[in-house]
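following is a predicted model, sequence given first.
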Amino acid sequence: MTKKNNNLLYWHNRVMNAALDLKPFWETILVESNRNDLNPNLLLGVLSIEKANRGWLYNLIEHFLVWLLPGFVLRRDFSIGLAQIKPKTLQRELGVAPSPETLKKLMNPSEVIAIGARLLSMYCEKVGFDSRQINSDDFDENLLSVVKRYTTGSFASFGSPWINYYFQILKGICSRRVLN
């Protein structure tokens, strides 16, 4: 097995474990996906990837900073919460002003699942992508565009190894239909 395949397998296993950790939120993921005309596995996949990429220590530090030093988090525009969303992304995409209250919403799993679903739905809509149609001819191309926008803020960003892993893992979760 090549190093690339070993890395992909490693991240796939971490993400699937993170998806299982999110089981208490599966119903919320299903509700928000339905509300936003989104493939629930796409939302679960993004949340699982972001959760797997953070680890418990990072999560602890993130909570500490949001609750005790919100001004610092806002100035630095850190990606935070289960969906790893930047406050300025909320401002740019949803018109939500960055504030300590916004940071607390991003740290609340139920609220950030709803926000993440809205963002993903918007990104899908911008490329004309119905994420529920996993057998469509342009599924891979559109999914890759959404991954680029979600991870970098641009549909046209250049591929990096991490974006490729993110895409491959997300594609696998969508095709396995973990939630439906």
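Happy to help now that I have it. Quick caveat, the model's predicted, so the values are computed rather than measured. Numbering: from 1, shown residues only.

check which residues of the helix or strand where residue 93 lies are buried.
When secondary structure is defined using DSSP states H and E, the element that contains residue 93 is helix 87-94. Neighbour-count burial for helix 87-94, with 16 or more other C-beta atoms under 10 Å as criterion, is recorded at 87, 89, 90, 93. In this view, the C-beta of every residue, glycine as well, is placed from N, C-alpha and C.

the last one and residue 116 touch, don't they?
No: in terms of C-beta atoms under 8 Å, residue 93 does not count as a neighbour of residue 116; the distance is 11.3 Å.

joint contacts of these two?
Residues touching both residue 93 and residue 116 by C-beta atoms under 8 Å, 6 or more residues apart in numbering: none at all.

and the residue nearest the centre of this protein?
Centroid check for the chain by C-alpha atoms, centre = their mean gives residue 46 as the closest residue, at 3.3 Å.

and that residue, what does it touch?
83, 116, 120, 150, 170.

which residue packs closest to the second one, ignoring adjacent ones?
What it means is residue 116. Setting aside the residues directly before and after it, residue 116 is nearest to residue 83 in space (C-beta to C-beta, 6 or more residues apart in numbering), at 3.7 Å.

and that neighbour, that one's in a helix?
No: counting by DSSP: H, G, I helix; E, B strand; the rest coil, one finds residue 83 to be coil, located in no helix.

next, it: phi, psi?
In terms of degrees, to the nearest 10, the main-chain angles of residue 83 are phi -90, psi 0.
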